[in-house]
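> Sequence plus the predicted model coming up.
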Amino acid sequence: NAGVTQTPKFQVLKTGQSMTLQCAQDMNHEYMSWYRQDPGMGLRLIHYSVGAGITDQGEVPNGYNVSRSTTEDFPLRLLSAAPSQTSVYFCASSYRPFDEQFFGPGTRLTVL
Amino acid sequence: GDSVTQMEGPVTLSEEAFLTINCTYTATGYPSLFWYVQYPGEGLQLLLKATKADDKGSNKGFEATYRKETTSFHLEKGSVQVSDSAVYFCALSDENTNAGKSTFGDGTTLTVKP
């Protein structure tokens, strides 16, 4: 049981480049979320999904896209990277809507 | 909307000292409450949880009691160790949202010195 996996672990982009952060879970969880973590600001919700084919925006969705074609995968796409998107990104999943979340190890992204 | 307010840090303690990290919340429904811990370079992991009023969550010597009357969920440990040095996040998940997402506090960095 790998839990929640994220790739890559580190990434450096130039302003304007696009990329996809990968997230996968093998626990058959319906609920998945993407957060970003910035110093002194806790975790802020970017997008979330309540099942395959269903996604919605969180607190800070601008500049990011998601899709959920399978229960296992929930990729996060940066459309045109900006320095303000320099952050650590965490993917999380849960079995029920108000259960604890299981987190991936994170992706540290730097945008120059 | 929902919100979580955590005691501001950082917190520095000597080994075997008593730890309290305060957490209060605002929610429209009847939330589940959580404490997560994040060790350097890692993701968050669940430390303990409580799902209804007066429940006490406990794990690894840490405890927190769900107090509905004061909307609080303070984290305590009687005797901290160097290995407890980490960032601690209080969080809630509101059953009314039915969406599997949580609201987090800003985190409290704990450093324990030998």
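That came in fine, so what should we check first?
> Next, work out how far apart B:Q45 and B:T26 are.
For B:Q45, the distance to B:T26 equals 25 Å [CB to CB, to the nearest Å]. To be clear about C-beta, it is placed using only N, CA and C from the backbone, and glycine gets the same treatment.
> Looking at chain A, which residue is nearest chain B?
A:Y31 (2.4 Å; CB to the nearest CB).
> I'd say that residue and A:S49 touch.
Yes - shown here, A:Y31 and A:S49 form a contact pair, counting by CB atoms under 8 Å, at 7.1 Å.
> what kind of secondary structure is A:D56 in?
Assigned with DSSP: H, G, I helix; E, B strand; the rest coil, A:D56 falls in the strand class.
> and the residue of chain A closest to chain B, how many neighbours?
A:Y31: 24 surrounding residues under other CB atoms under 10 Å in any protein chain shown.
> in which helix or strand would I find A:V12?
For A:V12, the element it lies in under DSSP states H and E is strand A:10-13.
> what is the rounded mean pLDDT of that strand?
Strand A:10-13 carries an average pLDDT of 97.
> Go through it and flag the buried ones.
Going by neighbour count (16 or more other CB atoms under 10 Å in any protein chain shown), the buried part of strand A:10-13 is A:11, A:13.
> which ones are touching A:L13?
A:19, A:78, A:81, A:109-112 (CB atoms under 8 Å, 6 or more residues apart in numbering or on different chains).
> do the same with B:F73
Taking CB under 8 Å, 6+ apart, one finds B:23-25, B:33, B:35, B:50, B:64-67, B:90 in contact with B:F73.
> Could you check the pLDDT of it?
Confidence score, pLDDT, at B:F73: 98.
> what separates it from chain A, distance-wise?
14 Å (CB to the nearest CB, to the nearest Å).
> how many other residues sit next to the residue lying closest to B:G43 once chain neighbours are set aside?
Counting by CB to CB, 6 or more residues apart in numbering or on different chains, the nearest residue to B:G43 once its immediate chain neighbours are dropped is A:F103, at 3.7 Å. Using other CB under 10 Å, A:F103 has 23 neighbouring residues.
> can I assume A:F103 is in contact with B:F34?
No - between A:F103 and B:F34 there is no contact under CB under 8 Å: 11.7 Å.
> Can you pull out the low-pLDDT segments for the chain?
No chain in the question, so chain A it is. By pLDDT under 70, chain A has no low-scoring segment.
> Sorry, I should have been clearer: chain B.
For chain B, the ranges with pLDDT under 70 are B:97-98.
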